[in-house]
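Asker: I'll drop the sequence and a predicted model, then ask my questions.
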Amino acid sequence: MNPHHRGGDEIEKFLTWLRVERGRATNTVDSYRRDLSRAAAWLATRRSSLSGASGSDLSAFVAHLQSSGEAASSTARRLAALRMFYGFMVAENLIATDPTTHLEGVRVASGVPKPLTDEETGRLLDAVTGDAPGDVRDRALIEFLYATGARISEACGLNLDDLDLRDRVVRLFGKGSKERLVPVGRPAAELLRTYMDDGSRAGLAPSSWRSASDRSAVFLTNTGRRLNRQKAWDIVRSAGERAGITRELSPHVLRHTCATHMLEHGADLRIVQEMLGHATISTTQIYTKVSQERLISVYRESHPRATT
């Protein structure tokens with residue numbers, strides 16, 4: 001079989017997995033297709049292929065992209081697509097080793113932290129693969145942070161009896177132990193249910209609990225303790241690097257992203273204020289930084305004298 005054609009078949013298998021198993025949107029799948037096809041075409045000029053590429057081949061490809069004047073963020077995105085693809089190939093036993101394992105990430109200067117785009121969010125949620133208990137926990141945590149806009153302290157403090165996965169709501173305790181109920185989106189609820197029910201949380205639990213706090217925690221470390229802020233930060237940052245997100249990424253950025261995406265999709269500011277647990281609406285206004293384009297659009301659509 002022509003190796004270039006075989007590479008196309010492998011890409012299509014991967015894209016089918018993205019659509020069917022991971023539920024990724026068409027635009028996201030198309031983005032992966034473009035990035036992988038670009039890599040396959042370049043590798044073909046070196047008489048190589050995606051399935052036969054070595055680490056040095058891919059390092060040369062990245063160097064080629066950088067020398068061509070492509071934006072660092074675009075190169076980082078292509079590298080993230082390759083990492084995702086090879087993770088799938090290894091998991092499916094289509095190749096023995098991942099040639100991206102020792103590739104250095106693409107770094108760009110980070111400016112003021114800002115919300116993730118829809119595409120970046122999709123890539124971040126896709127970045128953690130694997131079925132080990134820690135992998136399942138990491139996926140559930142990242143999806144939970146984005147779905148609820150919870151503070152990292154609230155996620156780490158989450159107890160088993162704070163979750164109602166049947167009605168998809170969670171009880172969070174914010175600053176000053178102020179309690180609020182927050183809805184949980186279906187993808188986050190399903191990932192949490194998987195984490196709780198498939199043995200992943202049990203797989204992280206110790207043979208003997210060290211404290212009642214650890215026993216009641218939703219999110220556990222690999223050693224069976226309640227997840228702490230530093231470990232949660234590490235999980236988010238690691239996923240961001242694997243997703244090729246070159247800006248500064250933290251749990252706080254996911255909180256900001258949740259709020260901004262809600263507002264950009266038409267949510268009322270006071271609903272977002274309640275969900276985030278802000279005492280005053282002015283805090284929400286500063287925090288979300290709704291784009292001027294969105295404000296102008298809403299004004300033109302809703303104000304009776306906007307076009308007169």
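Answerer: Noted; the coordinates are in hand.

Asker: Verify the stated contact: I281 with D268.
Answerer: No - taking CB atoms under 8 Å as the definition, I281 is not a contact partner of D268, at 10.5 Å. Bear in mind the C-beta positions are built from the backbone N, C-alpha and C, glycine included.

Asker: Pick out whichever of those two has more residues nearby.
Answerer: I281 (13 against 10; other CB atoms under 10 Å).

Asker: What sits closest to that one if chain neighbours are left out?
Answerer: If the residues on either side of it in the chain are set aside, I281 comes closest to Q273, at 5.1 Å by CB to CB, 6 or more residues apart in numbering.

Asker: Run a quick neighbour tally on the one you found.
Answerer: Using other CB under 10 Å: Q273 sits among 20 other residues.

Asker: Which strands or helices does the host helix or strand of it pack on?
Answerer: Counting by DSSP states H and E, the element that carries Q273 is helix 269-276. Counting by 3 or more CB pairs under 8 Å, 6 or more residues apart in numbering; DSSP states H and E, the packing neighbours recorded for helix 269-276 are strand 179-183, helix 251-264, helix 281-288.

Asker: average model confidence for the longest one?
Answerer: If I follow you right, that is helix 251-264. Helix 251-264 carries an average pLDDT of 88.

Asker: The residue lying closest to S73 once chain neighbours are set aside in helix, strand or coil?
Answerer: In space, and not counting its chain neighbours, S73 is closest to T246: 5.5 Å by CB to CB, 6+ apart. Secondary structure, DSSP: H, G, I helix; E, B strand; the rest coil: T246 is coil.

Asker: how many neighbours does T246 have?
Answerer: Counted with other CB under 10 Å, T246 comes out at 23.

Asker: Could you check the pLDDT of the residue nearest to I281?
Answerer: pLDDT, read off for Q273, is 87.

Asker: and it, how far is that from A147?
Answerer: Per CB to CB, to the nearest Å, Q273 is found 17 Å from A147.
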